[in-house]
Every structure is written in structure tokens, then in C-alpha cells.
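**Student:** What follows is a predicted protein model with its sequence.
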Amino acid sequence: MSVKKAKQKQWHTIVAPKLFDEVEIGKTFSIEPKNLIGRRITVSAIDLTGNFSKYYLKFIFRISEMNGEKALTTLDGTEILGDYISRMILRRVRRIDTIQDLKTKDGIILRVKALTVIGRRVKSSIQKQVSEKVKELIVGAITESTLEEIVEKMLNDEMKNRILQEASRIYPLRNFEFRKIEVLKQ
């Protein structure tokens with residue numbers, strides 16, 4: 001009986017959104033193509049862009065519709081590797097996490113989780129100032145951009161460098177990363 005079911009299954013190509021030039025990101029098989037809708041796929045930034053400097057970044061896609069044998073996806077979020085975070089957080093450093101729900105220029109609601117690392121132990125008042133400045137800069141960067149622009153700025157480190165530069169005026173920062181971005185509502 002299981003052999004019979006396996007013969008009924010068809011292979012489907014999973015395609016990245018237009019933002020990533022509709023590159024093939026995988027294959028899957030299913031008896032009913034509509035059962036694939038809603039399935040999540042995680043892909044490394046290296047596989048999508050060929051940029052090895054972003055080895056720590058993963059993109060999460062959700063299959064949104066079927067077009068014949070193609071499974072079309074939408075961006076569902078990004079995440080960085082836990083190992084990368086572990087290497088940033090060393091002894092005698094301060095970790096500042098910020099979580100914000102923000103709306104992009106094109107109306108998409110994102111949950112942005114950012115990680116800021118300060119080199120030494122500092123007073124809580126300075127940590128608070130840095131945290132507020134980082135939140136303010138993230139709000140400005142996200143609300144002024146579309147989802148496509150946000151991804152482009154993440155890949156070329158434009159937002160990261162701007163936040164590091166601006167927030168370092170309060171206290172020198174060791175590192176900053178967007179730990180996770182989740183698409184809450186499209």
C-alpha cells in the first residue's frame with residue numbers, strides 16, 4: 001500500500017520570491033500540491049546570494065501558492081545562527097536584546113529582534129541609553145523601507161553599520177546584529 005502512495009506523489013520545485021530572482025531553493029514531493037501551502041523552508045544566505053561573508057544568516061520562506069509544478073514562496077523571516085551569537089557573547093561583555101513590532105512602508109508587520117554587544121561592563125544607565133538609541137534607529141530604518149529594501153540593507157550591512165556608528169556615540173559598541181526578523185502579517 002505504501003508503494004502505491006509513493007507512485008502517486010509528484011515532485012515540486014520550490015522557488016524563492018522575486019526578491020531573490022525566483023531561484024530554485026529546493027524540491028519536495030506530495031500527493032496533493034495544496035498540502036504544501038504553509039510549509040516553511042529554511043535556506044542559507046550563501047545558497048541564495050553566493051555571499052560567503054553572510055554564512056551566519058538564514059532566510060525562512062513559506063510556500064504561499066502552487067503554480068503547476070512550482071511552489072511559490074514568500075519571505076517569512078530571517079535568523080542568525082546560534083553559534084554566531086555564542087561567539088559574539090564573550091566573558092565580561094554586556095548583551096542588550098531589543099524586541100519591537102514594526103510596520104514597514106509597504107504595510108508588512110515585522111517582529112524585529114536585535115542584539116547589541118557592549119565591550120565591557122557598564123552602568124545600567126548607559127545600557128539603557130544605548131538600548132533606547134538602538135530602538136530609535138531600528139524604528140527609523142524599518143518604517144522608512146519596504147521589505148525588499150530591508151533585506152537588501154541587511155545583506156550589504158547598511159543598517160547594521162549605521163546603527164553601530166550612531167549608537168557608538170553614546171558608548172563604544174562591540175557588535176550589533178538583527179538576531180531574528182519574523183513576518184507577522186503580510
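**Tutor:** That came in fine, so what should we check first?

**Student:** Going along the chain, name the strands of this structure.
**Tutor:** For the chain, strands defined by DSSP state E occupy the ranges 10-15, 24-30, 40-44, 57-67, 70-80, 94-103, 109-118, 173-185.

**Student:** want to try JSON lines for those strands, with distance to residue 135, mean pLDDT and mean neighbour count as columns?
**Tutor:** Every C-beta, even on glycine, is put in place using the N, C-alpha and C of the backbone. Below are the strands of the chain laid out as JSON lines (distance: least, C-beta to C-beta, whole Å; pLDDT from 0 to 100; neighbours: other C-beta atoms under 10 Å):
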{"stretch": "strand 10-15", "distance to residue 135": "35", "mean pLDDT": "93", "mean neighbour count": "16"}
{"stretch": "strand 24-30", "distance to residue 135": "33", "mean pLDDT": "91", "mean neighbour count": "14"}
{"stretch": "strand 40-44", "distance to residue 135": "27", "mean pLDDT": "96", "mean neighbour count": "15"}
{"stretch": "strand 57-67", "distance to residue 135": "22", "mean pLDDT": "95", "mean neighbour count": "19"}
{"stretch": "strand 70-80", "distance to residue 135": "19", "mean pLDDT": "96", "mean neighbour count": "20"}
{"stretch": "strand 94-103", "distance to residue 135": "5", "mean pLDDT": "96", "mean neighbour count": "14"}
{"stretch": "strand 109-118", "distance to residue 135": "8", "mean pLDDT": "97", "mean neighbour count": "19"}
{"stretch": "strand 173-185", "distance to residue 135": "12", "mean pLDDT": "96", "mean neighbour count": "18"}
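
**Student:** Now render these as CSV, adding distance to residue 158.
**Tutor:** Output for the strands of the chain, formatted as CSV (distance: least, C-beta to C-beta, whole Å):
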stretch, distance to residue 158
strand 10-15, 27
strand 24-30, 24
strand 40-44, 21
strand 57-67, 14
strand 70-80, 15
strand 94-103, 17
strand 109-118, 15
strand 173-185, 12
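
**Student:** and the angle for the longest helix along the chain with strand 173-185?
**Tutor:** Assignment by DSSP state H gives helix 124-143 as the longest helix of the chain. On the basis of axes from the mean of the first three to the mean of the last three C-alpha atoms, to 10 degrees, helix 124-143 is oriented at 50 degrees to strand 173-185.

**Student:** List the buried residues in helix 124-143.
**Tutor:** Neighbour-count burial for helix 124-143, counted by 16 or more other C-beta atoms under 10 Å, picks out 127, 130-131, 133-135, 137-138, 141-142.

**Student:** Also stretch 44-55?
**Tutor:** 45, 48-49, 54.

**Student:** returning to what we had before: between the buried residues of helix 124-143, which is nearest residue 37?
**Tutor:** residue 142 (27.7 Å; C-beta to C-beta).

**Student:** doesn't residue 104 make contact with the closest one?
**Tutor:** Yes - between residue 142 and residue 104 there is a contact at 6.1 Å, judged by C-beta atoms under 8 Å.
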